[in-house]
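Chemist: quick one: sequence and predicted model below, then my questions.
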Amino acid sequence: MTDVIPVDEDQLRMEIQRHYAEVASSPDHEFHFHTGRDAARQVGYDESIIDDIPDDVIASFAGVANPFHFGLPGKGETVLDVGSGAGVDVIIAARAVGPEGRVIGVDMTPEMLDAARRNADRMGLDNVEFRKGLIERLPVDAESTDLVISNGVLNLMVNKHGAYKQVARALKPGGRFQIADICVDKPVSEKAKRNIDLWTG
């Protein structure tokens, strides 16, 4: 059963894209969330996996926690990053899986996809690919990934059940889902649910 959430889904997507297009193009701008290397440190990334990522590559990082807290992917694995943004988590995963592995990033914001492709090129990675798409309709084959990661994306979505179903479809039998996100532990009012600014902020 899917919860009915009283917000215009198309309008929400447009606002999210607007926010993250600005993060991609102007990462030094002041946002209502932290970005860049300092943000990665604050949310628990080990210095050893981010210290050699150039400042301009990590500048548009906008995650809320560290999905690799639960462990890095293994050599040769296929990883899917849903809501991959500027590609920092993709870069970390790509280096962990090595040349025999593969990482796919999916994002709906063209500016973030452009930034992610530039960043992967800058890091010299040829085992990554970025695809435009929505988590509710993931552009990947069924049972094609060993690990799905997500960082601060599911909380922005209206159709969370649809997203989880797509993640389950993408995973191989025995695959893993490592999520970093924001949760609330008390009921949210109907008025707040209708406020687009609260969804994106």
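Modeler: Happy to help now that I have it. Residues are numbered from 1 along each chain as shown.
Chemist: what's in contact with the helix or strand bottoming out on mean pLDDT in the chain?
Modeler: When the helices and strands of the chain are scored by mean pLDDT, DSSP states H and E, helix 196-200 comes last with a mean of 72. Outside helix 196-200, the residues that touch it by Cβ atoms under 8 Å, 6 or more residues apart in numbering are 7, 8, 11, 12, 15, 16, 19, 156, 192. C-betas here are computed from N, CA, C, even on glycine.
Chemist: quick check: the fourth one is in a strand.
Modeler: Yep, that's residue 12 we're talking about. No - assessed with DSSP: H, G, I helix; E, B strand; the rest coil, residue 12 is helix; it does not lie in a strand.
Chemist: for the chain, which segments count as helices?
Modeler: Assigned helices in the chain, in chain order: 9-25, 36-42, 47-50, 55-58, 88-97, 110-122, 160-170, 190-193, 196-200 (criterion: DSSP state H).
Chemist: output the ones you listed in TSV; the columns should cover distance to residue 144 and mean neighbour count.
Modeler: Shown next, in TSV, are the helices of the chain (distance: least, Cβ to Cβ, whole Å; neighbours: other Cβ atoms under 10 Å):
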stretch	distance to residue 144	mean neighbour count
helix 9-25	25	16
helix 36-42	28	16
helix 47-50	25	13
helix 55-58	27	17
helix 88-97	14	25
helix 110-122	20	19
helix 160-170	6	17
helix 190-193	34	11
helix 196-200	30	14
